[in-house]
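Novice: Predicted model follows, preceded by the sequence.
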Amino acid sequence: MDPHLLRTYVTVARLGSFSAAARELGYTQSAVSQHIAALEADLGLALLGRRPVAPTPAGERLLEHAGSLLLRLDAARADLARYAAPPRRTLTLAAGPLALHPRVLAALPATGVTLRTLPRDEVPAAVATGGADLGLVDGLAAPSDPLRLPDVAPLTALVVAEDPLVVVLPAGHPLAGRRDGLDLGDLVDARWLDAPDAGLPLDRLRAAHGAPGGHGFRPSLRYEGTDVRTVAALAAAGHGLALLPRSAAASAPGGVLVPLAVPRLVHRTELLHGLPHGLPHGGEPDGPAAELLRRLGHRETTAR
């Protein structure tokens, strides 16, 4: 299966238009049509209906494979390009909003750094494909357990921090005095802030409680920004509960932070890089990236 043809197919399916795909890819419309026809001939299946332009059932199935296939190819190209790349004098760091741990911010080099905030699930792909030199990922985990990362490329993970988790409550909440901690199971029927980009997504709370599939943890207010302080402030103002790492929740004015006691979980942050062994500098980041790693220290560096 020719990856160029596959990329053309994905673009046409996403845009629902041969002409729009041609403009985005820099091809003629005739070339796009030829690509689709060649891919359909190779597979022996119709992949796109023409009026309207939409994937057939076989085309939908191909789309389920295409994203990971193309991402893996892009990651391989970026990986090999590093062998010919000169030493880096700058650092691009991609991070989810909750992954910007104070320890990392304090360790950033003074110059040459670009900090790029991305949705947490996009960070590994950005590192794998060369869109970022390093990446910060975060999530819920049992103490000392590594995060589960998508299989986009060989990546190396460095543990940055494991923060205790707290539930942010308004001062007058009935559970605000529970200094011994809260059981997540007691909060299943509470109203929660839905902040997928700045907080911990509600589906992960359901999974942590063992209630996936949309049961419990009903959303109240939905926040579509990336400012973690806003999430903490909204919870403190009574617009819904929020589960946050203690370091991020400390900015909640007037809020009460009650530790999460059950289940026994932490908010884990890991630093990713994708450098292969055998590079002139030994398969380790150089320049500002190396300086950041030195300041953070190498703890539990593992290949994924």
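Specialist: Arrived safely, thanks for sending.
Novice: I'd say Glu224 and Asp197 touch.
Specialist: Yes: counting by CB atoms under 8 Å, Glu224 does reach Asp197; the two are 6.7 Å apart. From N, CA and C alone the C-beta is placed, and that goes for glycine too.
Novice: The two: who's more crowded?
Specialist: Asp197 (19 against 9; other CB atoms under 10 Å).
Novice: so where's the stretch 51-200 of the chain uncertain?
Specialist: For the stretch 51-200 of the chain, no stretch is flagged by pLDDT under 70.
Novice: so where do the helices sit in it?
Specialist: Secondary structure of the stretch 51-200 of the chain by DSSP state H, counting those that start in this stretch: the helices cover 57-81, 102-107, 123-128.
Novice: so where's the stretch 201-304 of the chain uncertain?
Specialist: 211-214, 251, 276-284, 298-304.
Novice: repeat that with 80
Specialist: The model of the stretch 201-304 of the chain has pLDDT under 80 over residues 211-215, 251-253, 275-286, 298-304.
Novice: need the strands for it, in chain order.
Specialist: In the stretch 201-304 of the chain, the strands defined using DSSP state E, counting those that start in this stretch lie at 218-222, 242-245, 255-262, 266-273, 302-303.
Novice: Taking strand 266-273 as reference, get the angle to the third one.
Specialist: Think strand 255-262. Between strand 255-262 and strand 266-273, the angle comes out at 90 degrees (axes from the mean of the first three to the mean of the last three CA atoms, to 10 degrees).
Novice: Could you do the first one as well?
Specialist: Strand 218-222 and strand 266-273 are oriented at 60 degrees to each other (the same axes, to 10 degrees).
Novice: I'd like to know which elements strand 218-222 is packed against.
Specialist: Under the contact criterion of 3 or more CB pairs under 8 Å, 6 or more residues apart in numbering; DSSP states H and E, strand 218-222 touches strand 191-194.
Novice: looking at the strands of the stretch 201-304 of the chain, which is buried most?
Specialist: Most buried of these by mean neighbour count (mean count of other CB atoms under 10 Å) is strand 242-245; its value is a mean of 27.
Novice: In which helix or strand does Ala41 reside?
Specialist: Ala41 belongs to helix 29-43 when assigned by DSSP states H and E.
Novice: quick one, what contacts Ala289?
Specialist: 88, 91, 133-134, 273 (CB atoms under 8 Å, 6 or more residues apart in numbering).
Novice: For stretch 99-117, list every residue counted as buried.
Specialist: Under the neighbour-count criterion of 16 or more other CB atoms under 10 Å, stretch 99-117 has 99-101, 104, 107-109, 113, 117 buried.
Novice: Not including adjacent chain positions, what is the nearest residue to Gly287?
Specialist: Once flanking residues are discounted, Gly287 sits nearest to Arg88: 4.3 Å by CB to CB, 6 or more residues apart in numbering.
Novice: What distance do you get for Ala161 to Ala106?
Specialist: 11 Å (CB to CB, to the nearest Å).
Novice: what do you get for Ala58?
Specialist: 52 Å.
Novice: Now for Gly49, how many residues are close by?
Specialist: Residues near Gly49, counting by other CB under 10 Å, number 11.
Novice: err, Arg23, not the other one
Specialist: 12.
Novice: element containing it?
Specialist: helix 18-25.
Novice: Relative to the whole chain's centre, how far out is that helix?
Specialist: How far helix 18-25 lies from its chain's middle: 28 Å, per CA atoms, centre = their mean, to the nearest Å.
Novice: what sits up against that helix?
Specialist: 7-8, 11-12, 15, 27-29, 31-33, 36, 53.
Novice: Kindly report the same for stretch 84-92.
Specialist: For stretch 84-92, using CB under 8 Å, 6+ apart, the contacting residues are 109, 112-114, 116, 131-134, 280-281, 285-289, 292.
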